[in-house]
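*Asks:* how does the following fold in three dimensions:
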Amino acid sequence: MTKTMLLRGAAAVSLLAVAAPASAQIATLPSQVDEIVITADRTPEQLKQVAASVSVVSAAEIQDTPAQGLDDILRLVPGMTLDMIGPDVGHPTAYNEGMRGLPTTETRMLVLMDGVPVNDPFFGYIQWNRVPLDNIAQAEVVRGGGSPLWGNAAMGGVVNVITEAPTSSQFDADVAGGSYGTYRASAHGAYKVSDTFALGLNTAVSGTDGYQTTPPSWTSYGTTTLRSPLYAPTSFKAQNVSLRGDFTPTGDLTGSVVVDYHNNDQVLSTSIGDDHQTTWTYSGDIKKTFDGGGSLTATAFHDDSNFVTNNPHLLSFTTQYNSNVHRTPVDDTGGSLVWSRDLSGIVQNYMLGLDAHYVDGHDYADYYLSPGQLAVPTIVGGGKQLFVGGFAQARIVPVDPLEIVASLRYQLYRSFDGVDTFPPAIGAIPASNTYSTDPRVNVRYALTQHWALRGAYYQSFRAPTLDQLYRTYADTTSGIYEGSPSLRPETLQGGEVGVDYTAPGFRGQLTFYDATITNLITQRTLTAAESPTALGVLCGYDPATYTYLTCTRNINAASAVARGIELEADWRLGHGVSAGLAYTYADSHYTGDPQDPTAVGERLEGVPMHNISGRVSYQAPAGWRVATDVRYVSASYGDAHPNDGLIQNAHFVVDASASYPVTHSLQAYVQVQNLLNRQYIGNNGGGVPILGTPFEVLGGFKLALR
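*Replies:* Below is the predicted model of the structure:
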């Protein structure tokens, strides 16, 4: 407790100290309404004119928040449902995200970095620490069905992170340290070789000794569970390197080539529960413009990743061993070709595109008995997926205040070469093909210079991942989760209406949305006869280790509705003051489930009913800056049965940050997360629950040379 009080005191002193006068100029904050976005329509457009529900997080907002990862920032955006834990705390395969009230049992939104998918190609999760904060130009959030333009996984919407392009010679560096042995260091450099070629290099390392993420005790499935003394603080070490080259050989030809490297070592639950991830990503694009307003853009990417995870098993309350080790290599390749042309008539722009995405991945699992011998031969689960789609879009302005944006995608989804040798082995798995037609229509009517009405109708889909199709996972501390090769894509049909208000220094949006989800992938409980006794998994409560083992199989069984209200307001008040407010009301519940009728009417997993956030920042004429973020999130549950006790607590959290210009080029800063040190369970999916980020202080320096 003394250490905690000292840290709080140091944080308070630091926040006050940055208020001392210093000679520096105020950085001009851009008006958000003038920002250019590209994700909503895959073409550049001013934010204030976009006929969709869109939020933009600027580089200035990212740098001035106490966030450890991009997901910390996106929690402040309406419509986002993210686990209330840091980006390096939860097991990646159990750390799923949602948007627009969709359940967090799987990730049902698409995250891109410069148009390249960040979603893991095998499991679907998002590893947020692949996206270093210091190289982001802006992050664009487009809510609602995004499949018509962006294809698979964009069922709830799209997040596109746009990084800084090397346009001039510069060098930035950041080094920081703080609570729990947390550290980070990064460097970003750009060199303009000539008028036609520029290079950019971004490197970042980060890590922490971690905090104790497991509560002393918790109740789930009606049973009280105690924390074993073997549970250790979650720690990690991560490295990112990105090399980018931008070229403009002629005035009508531009392009870029990017190589990204990511490595992450993480210890979860106990000291022997370590994971290792390595990912290489190669991407590029080239754009040719033509006379008459036409352009042709080609993009391509290849992602080569490998994930190794060690899963410990508690033999008793105080003894453990690694019961299973998984190796998951995946190749992920894709690309697109898009033709776009601006016109001067009623049809102001049209776009035609083709894209393809190919995934080849397998999970190799070794299961061990307690003496260390293999329980069964190596189990393999995996296969291949192919997505090929064609899409078109037209922007139509029949009269000046009315804009209609209509898009349509025809999609082929093929799953093939599947294998699952989990006992009893399924054997050869037949290939399957699915076809989908997904439209979207956005309408915007400008009532006045400041007020506009919006509406949209859309259909969207999410195909099951290779993990859901072919991988069966068994663990003697959590249970059995069987894949199913017969799974079909989840589909969504929905719409929204809203009103926008924009004025100098202010932007506000109010949106009402309503969506129906069918073929929702859920689980059915395995019978006792279906449990694989060869691996020693005993479904139900284990009194020796105080754990409850769930045993399920994936099925398309459920239907649901997701409806709600989103409110967002962003002010530039002048005199260095800016503020923001976001509110989400989500009424998301099951409407049908023949396998589990008791779930009907219950809330979707992980979706809180209320989510409120606000931020205020002040930048003084002398150059120092302070900012505060607050958020309140109501309770949610890890499954559709509140009596199971898988609660994710309601909580109110305050974060704060401050910066001080030591010199023209050097800035000192301090960031505080969970200033009030509120304790709450932020993730609770049926295994060991995870506590949210405690009080944490991080201080450092930033150097910017231009």
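*Asks:* pull up the pairing partners for the longest strand seen in the chain, direction included.
*Replies:* For the chain, the longest strand by residue count, based on DSSP state E, is strand 547-574. Sheet partners assigned to strand 547-574 using DSSP bridges are listed as strand 479-482 (parallel), strand 506-525 (antiparallel), strand 540-542 (antiparallel), strand 577-592 (antiparallel).
*Asks:* how about JSON lines for these, with distance to I286, mean neighbour count and mean pLDDT added?
*Replies:* Where C-beta positions appear, they are placed from N, C-alpha and C, glycine not excepted. Shown next, in JSON lines, are the strands paired with strand 547-574 (distance: least, Cβ to Cβ, whole Å; neighbours: other Cβ atoms under 10 Å; pLDDT from 0 to 100):
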{"stretch": "strand 479-482", "distance to I286": "43", "mean neighbour count": "22", "mean pLDDT": "84"}
{"stretch": "strand 506-525", "distance to I286": "34", "mean neighbour count": "20", "mean pLDDT": "95"}
{"stretch": "strand 540-542", "distance to I286": "57", "mean neighbour count": "15", "mean pLDDT": "74"}
{"stretch": "strand 577-592", "distance to I286": "37", "mean neighbour count": "19", "mean pLDDT": "96"}
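*Asks:* ok, back up a step: for the longest strand of the chain, buried residues please.
*Replies:* Residues of strand 547-574 classed as buried: 547-572 (neighbour count, 16 or more other Cβ atoms under 10 Å).
*Asks:* and what of stretch 194-212?
*Replies:* Residues 198-208, 210-211 are the ones in stretch 194-212 that count as buried (16+ other Cβ under 10 Å).
*Asks:* can you flag which of those residues belong to strands?
*Replies:* Counting by DSSP E, the part of the buried residues of stretch 194-212 found in strands is A198, L199, G200, L201, N202, T203, A204, V205, S206, G207, T208.
*Asks:* give me the nearest residue to the last one, chain neighbours excluded.
*Replies:* Here the nearest residue to T208 in space, its sequence neighbours aside, is T182; by Cβ to Cβ, 6 or more residues apart in numbering that works out to 4.1 Å.
*Asks:* circling back: list just the nearest of the ones in strands among the buried residues of stretch 194-212 to R631.
*Replies:* Using Cβ to Cβ, T208 comes nearest to R631 of those, at 22.0 Å.
*Asks:* partners of the closest one in the sheet?
*Replies:* Judged by DSSP bridges, the bridge partners of T208 are F236.
*Asks:* residues contacting it?
*Replies:* Going by Cβ atoms under 8 Å, 6 or more residues apart in numbering, T208 touches D88, Y180, G181, T182, Y183, S235, F236.
*Asks:* nearest to Q138 among those residues?
*Replies:* D88 (23.4 Å).
*Asks:* the spatially most central residue of the chain and Q468, how far apart?
*Replies:* Closest to where the C-alpha atoms of the chain average out (Cα atoms, centre = their mean) is I126, at 5.1 Å. For I126, the distance to Q468 (Cβ to Cβ, to the nearest Å) stands at 16 Å.
*Asks:* got it, and A658?
*Replies:* Distance from A658 to Q468, by Cβ to Cβ: 45 Å.
*Asks:* can you check G383 too?
*Replies:* Distance from G383 to Q468, counting by Cβ to Cβ: 11 Å.
*Asks:* ok, the residue nearest to T208 - contacts?
*Replies:* Applying Cβ under 8 Å, 6+ apart, one finds that T182 lies in contact with Q68, S206, G207, T208, D209, E696, L698.
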